[in-house]
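Colleague: sequence unavailable; structure follows:
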């Protein structure tokens, strides 16, 4: 179900619209793709290095002495302060700190947390699987929901269903995710009036269970955070899918598909939707930055032991090495996903990168 | 006024609209400046006639006018002492009652008053951050479209880099390292959200600059500044306005988020700050939903209203976008 499956249509010579997709299937050139991919990968590496530099200097702008944050205002002797400075390398000149930081970062060492006194990378790798579990589940669900509902809305655009779903999506899109999370906790976890609490208020497991019972327990803890994330994020996918499909709907190839006697829903599934998904794919990845933001808030509200919750803890100290490391991880995740989308896109759409 | 006389037509230059044409002739007699104003009035009237056809946009606009009135009249309706912790009128954490329609917070302050007072900060920060963001985006977009070559290449690389950065994470980082104040919040939101605008404006600038009248302006001796300010800017202005409306809505959400994370100015009442207060006062675990609901609804309604307006403006200016079809 790629763009090449689109039947060719009789279109004008100056037709450059999306309806002309796959009209002149050129032979795929692997060399051209590799050149394109190399360019994108080089761009990604430059972006990652830029993030590394930013994350170092941004957090050096902070006024005040980091040692004060470490000691939390407790009275400490001059020797202890000096020991702290040595331990975290703060007695070196700024450029030495920077070269050390870059050198260590390239070997996977992001420094030591002021707060927990363990390597930042350990804290991150501990929390990463939990975040991936939560985000991955939510991502799959909201993308699927957004595409299905967006397709329906566009196919019957202007109808009651379209107006309802577009309106609902816009409303949920305007709701702060943390507020929705807090309300869900009050209504479904704490309980209002006669309604008992159905779900746990936070965390990831109750502890004590093993095997299958543990899996059920984690899923039970996941329901509310996932619902919150899906609710605030699916609207974007819905709107993007809807407008992409609306752009396709004037296409002559759809008239042809109907003229040859295809059922309405085959026209939709086999012809219109695959083309409309092309712009949707990139936008879904571009919008991942928003999901990262949503994860920080949702994990904070639901005390989910992931990267977002860790970020909030680190911010309140502020635990600079941890904030810095997490900042790098979040930015890197978005850059990597965007690069993947860039690499995937020419394989889906033969018009790009040739 | 030509509003009533141009009901369905979208072009005033048509011979079928005598009042506008006559007005233009009068104005022409009075000089080019008057003619320009005449045209601007006519296009504003046309815009409004089109805008009125988008029901969602009109609803959004009405909601905005209402909120703006509430925020502007707040000094007389509630007064700044509503935020005072020392002489609060009620007992802490009372539920909604006749005296306090929305209940009281942990200091015994009237929540209705606080929500009204908080609208000032939320709207102000949203507006200023959006203006800052769109201003940066417009300047970068226009210059990157006007000056080609290495300048454009470098500046667009920077834009692309900002575009993939998780905006909120960057804003959080900025708000963490700078001092806690309203200015910081505005700055943090403004300097992290401009890249989309820059890209859109650059594309539009390139389209405008490829038209023949720009060549004519150059041939007559128009410099860079003249072309950018007199020819490109008026043409990208509608796009900039639509973009501002849409960005205000996300700026208001970002402001609430930063305040909720404790990165705003703790002494200032804002909707996000109220939600953080509610959470810290244990409103969640004790099930005090009435404390959390009003500020959140206020945020959602204002953000939604700006989004609806922005989409309607976008649909009027660029019917091909298909956002509101």
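Modeller: Looks like it came in fine. Note that the structure is a prediction, hence the values are computed from the model and not measured. Residues are numbered from 1 along each chain as shown, chains lettered A, B, ... in the order given.
Colleague: and residue B:312, backbone torsions?
Modeller: Dihedral angles phi and psi of residue B:312 (degrees, to the nearest 10) take the values phi -70, psi -40.
Colleague: how about the helices in the stretch 51-200 of chain B?
Modeller: Residue ranges of the helices in the stretch 51-200 of chain B, as given by DSSP state H, counting those that start in this stretch, are B:55-77, B:111-146, B:150-164, B:167-177, B:182-190, B:195-209.
Colleague: among those, which is nearest residue A:32?
Modeller: Of all the helices of the stretch 51-200 of chain B, helix B:150-164 sits nearest to residue A:32, with 21.8 Å by Cβ to Cβ. (C-beta placed from N, C-alpha, C; glycine too.)
Colleague: how about that closest one: buried residues?
Modeller: Buried residues in helix B:150-164, defined by neighbour count with 16 or more other Cβ atoms under 10 Å in any protein chain shown: B:152, B:155, B:156, B:159, B:161, B:162, B:163, B:164.
Colleague: and stretch A:99-115, by the same measure?
Modeller: Of the residues in stretch A:99-115, those buried under the neighbour-count criterion (16+ other Cβ under 10 Å) are A:101, A:105, A:110, A:111, A:112, A:113, A:114, A:115.
Colleague: would you agree the first one falls within a helix?
Modeller: Yes. Read with DSSP: H, G, I helix; E, B strand; the rest coil, residue A:101 is one of the residues of a helix.
Colleague: nearest spatial neighbour of it, skipping sequence neighbours?
Modeller: The shortest distance from residue A:101 to any residue other than its chain neighbours is 5.3 Å, reached at residue A:56 (Cβ to Cβ, 6 or more residues apart in numbering or on different chains).
Colleague: what's the most buried one of the helices of the stretch 51-200 of chain B?
Modeller: With neighbours defined by mean count of other Cβ atoms under 10 Å in any protein chain shown, none of the helices of the stretch 51-200 of chain B is more surrounded on average than helix B:167-177, at a mean of 24.
Colleague: distance between that helix and the chain's centre?
Modeller: 20 Å (Cα atoms, centre = their mean, to the nearest Å).
Colleague: check stretch B:173-181 too.
Modeller: With Cα atoms, centre = their mean as the basis, the distance from the averaged C-alpha position of stretch B:173-181 to the chain average is 23 Å.
Colleague: continuing past the lowest-mean-pLDDT helix or strand in chain A, what's the next helix or strand?
Modeller: Ranked by mean pLDDT, DSSP states H and E, the helix or strand of chain A with the weakest confidence is helix A:66-71, at a mean of 61. Secondary structure here is assigned by DSSP states H and E; on that basis, the next helix or strand after helix A:66-71 toward the C-terminus is helix A:78-87.
Colleague: now the helices: where do they sit in the stretch 151-300 of chain A?
Modeller: All helices of the stretch 151-300 of chain A, identified by DSSP H, counting those that start in this stretch, fall at A:160-173, A:177-184, A:211-248, A:252-259, A:264-266, A:273-286, A:288-301.
Colleague: list the buried residues in the fourth one.
Modeller: Which is helix A:252-259. Counting neighbours by 16+ other Cβ under 10 Å, one finds that the buried residues in helix A:252-259 are A:252, A:253, A:254, A:256, A:257.
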